[in-house]
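Colleague: could you work out the structure for the sequence below:
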Amino acid sequence: MKISLITHESSGMSTAQCASVFEATNGYQPLVVALLSPLAFALVFACWTLFAVLGMELKRSLGFDEFDFALLLATPMLIAAMTSLPMARLAQQVGGHRVMLGCLLLICPFLWWISVAERYAEFLLAGAGLGFGAGSLAAGLVYVAAWGPRGRIGLALGLYGAGMLGAGLSYLLLPLASQAYGWRLAPKLYLLPVLLVAILLWLFAENDANDDGAPISGSMEDTQRRVRRRRWQRLLVSLLPPASWHVWRLALYYSFFYGAFVALALWLPSYLAAQYQLSLQQAALWALLFILAGGTGQILGGLLADWRDFRALRWWVSAWVLICLFLLSYPPFSIQIEGVHGTVAFHFSTPLWAFEALLVLMGLAMGLGKGSLMRLIYRDHGDDMARVGGLALALGGLFAGVLPLVFVLGNEWVGIRSAGFMFLYGALVVCMLVMLWDHNRTVS
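Modeller: Down below sits the predicted model:
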């Protein structure tokens, strides 16, 4: 770490001159925030969807059953849940771009490992390694909050969260690559883009570490040692979970929209292929519409939250998602009614176009919820974004990691493929009851 002991007076520069030099040096940082941070997010999310898109190939060639496949989807999310909060706090201490760079480089060997793995345990460990990419997501959140434009911070956070569109990259490219060259080439396709974004971050991103401005006397070596000690002490203390109910409430709301969206993004290709007898490429393209709607909603939600408070919007968004989940939960069924002139038979099954329309509407609403909620978190806890935002990502990752297992268990125990939507419906009802209880408690 470089510590400057030269004051403005000794260097002959006025305060205004120093400010102008700082602006000239860092004026391109909003552009870095707007481009590189969402791109890093998109690549990490694309890597997480590798197993989702290649699931049918893996099950066919390696003999995975449904539970094995669900655990494979869940493992990166569970590791992401464990690493989000520590990485967010580490980003606040040593710099968001440094943590993003380190996490991007960290997932590269695991991408290569997937391409050569033979046994299920190897795929599971490689998937766990991809989960460390969540550190890049959490650090990027801290980085965007530090460098984003204050007047449009909701839009900046929305653009960053729209990095989930990276799943669309997997949905478009991986089926084609798998058909042309085999599924083992697919993970290698991401190595070059990940390394390229890491190099760009190293070249252009500025240090955003939260250095302690308190004066420290002593020699240069003592100063550096004490600054490092103080930084790591703050990091260890900050890993304690917040005690405020307001923080946990916001994190709980966000975790539903984030976790449900991520889990559905991972689960939909396999679900659509089984439910509507689609090929891998067709199922991925239909699932892409849900991802595109979610990314658009995320940007729109952040933009709207810059203009209007989310507290009134959250009820409309939640009700919108609740209606969609209720309709998506209906499985195909048949009814026979003993009528006056004989038996009347009725069969119902949601056509693919109607199912996809509901998914698009729900994805748009989930994106609105994520974008506006993250803006609300920044408004209320902008000075502690690492802890509160990291907690929200951690809870969301935990929810996203549990859901694939719940979906499969619902298929096996209940015997209804749409049981996953039923579970999401119940989870959202619980969140809305918590919102109602909290609203009445605040009013009273």
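
Colleague: got the buried residues for stretch 169-181?
Modeller: 169-171, 173-175, 177-178 (16 or more other Cβ atoms under 10 Å). To be clear about C-beta, it is placed using only N, CA and C from the backbone, and glycine gets the same treatment.

Colleague: CSV please, covering those residues and showing distance to residue 314.
Modeller: As requested, the buried residues of stretch 169-181 are exported to CSV (distance: Cβ to Cβ, whole Å):
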residue, distance to residue 314
169, 30
170, 30
171, 29
173, 35
174, 35
175, 36
177, 40
178, 40
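
Colleague: now, among those residues, which is nearest to residue 318?
Modeller: Nearest to residue 318, judged by Cβ to Cβ, of the buried residues of stretch 169-181 is residue 171 at 27.2 Å.

Colleague: what's the spatially most distant residue from the centre of the chain sitting at in phi/psi?
Modeller: Distance from the centre of the chain peaks at residue 341, with 56.5 Å (Cα atoms, centre = their mean). Main-chain dihedrals, residue 341, degrees, to the nearest 10: phi -100, psi 20.

Colleague: over to the one 10 residues further on?
Modeller: Main-chain torsions, residue 351, degrees, to the nearest 10: phi -70, psi 160.

Colleague: again, but for residue 133
Modeller: phi -60, psi -20.

Colleague: touching, it and residue 48? I think so.
Modeller: Yes - with contact defined as Cβ atoms under 8 Å, residue 133 reaches residue 48; the gap is 7.2 Å.

Colleague: mind naming the longest helix for the protein?
Modeller: helix 245-276 (DSSP state H).

Colleague: and that helix, how far from the chain's centre?
Modeller: 10 Å (Cα atoms, centre = their mean, to the nearest Å).

Colleague: ok, which stretches of this structure are strands?
Modeller: Along the chain, the segments classed as strands by DSSP state E run 333-339, 342-348.

Colleague: what's the first one packed up against?
Modeller: The one in question is strand 333-339. Judged by 3 or more Cβ pairs under 8 Å, 6 or more residues apart in numbering; DSSP states H and E, the packing partners of strand 333-339 are strand 342-348.

Colleague: now the strand it packs on: buried residues?
Modeller: Neighbour counts over strand 342-348 (16+ other Cβ under 10 Å) mark no residue as buried.

Colleague: same check, this time on stretch 380-387
Modeller: Using 16+ other Cβ under 10 Å as the test for burial, stretch 380-387 gives 381, 384-387.

Colleague: what sits against residue 65?
Modeller: Taking Cβ atoms under 8 Å, 6 or more residues apart in numbering as the criterion, residue 65 is in contact with residue 59.

Colleague: go again with 10 Å.
Modeller: 59, 408, 412 (Cβ atoms under 10 Å, 6 or more residues apart in numbering).

Colleague: out of those residues, which end up buried?
Modeller: With neighbours counted by 16+ other Cβ under 10 Å, those contain buried members at 59, 408.

Colleague: picking that back up, the residue farthest from the centre of the chain and residue 335, how far apart?
Modeller: According to Cβ to Cβ, to the nearest Å, residue 341 and residue 335 sit 17 Å apart.

Colleague: cool, and residue 165?
Modeller: Distance of residue 165 to residue 335, given as Cβ to Cβ: 41 Å.

Colleague: could you export stretch 107-117 as PDB, CA atoms only?
Modeller: Coordinates of the C-alpha atoms in stretch 107-117 are reproduced here as PDB (Å, rounded to 0.1, in the frame of the first residue of the first chain):
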ATOM      1  CA  ILE A 107     -12.900 -19.700 -11.300                       C
ATOM      2  CA  CYS A 108     -10.800 -20.300 -14.400                       C
ATOM      3  CA  PRO A 109      -9.200 -23.600 -13.200                       C
ATOM      4  CA  PHE A 110     -12.600 -24.900 -12.200                       C
ATOM      5  CA  LEU A 111     -14.000 -24.200 -15.700                       C
ATOM      6  CA  TRP A 112     -11.200 -26.200 -17.100                       C
ATOM      7  CA  TRP A 113     -11.700 -29.000 -14.600                       C
ATOM      8  CA  ILE A 114     -15.400 -29.300 -15.700                       C
ATOM      9  CA  SER A 115     -14.300 -30.000 -19.300                       C
ATOM     10  CA  VAL A 116     -12.100 -32.900 -18.200                       C
ATOM     11  CA  ALA A 117     -14.000 -34.300 -15.200                       C
END
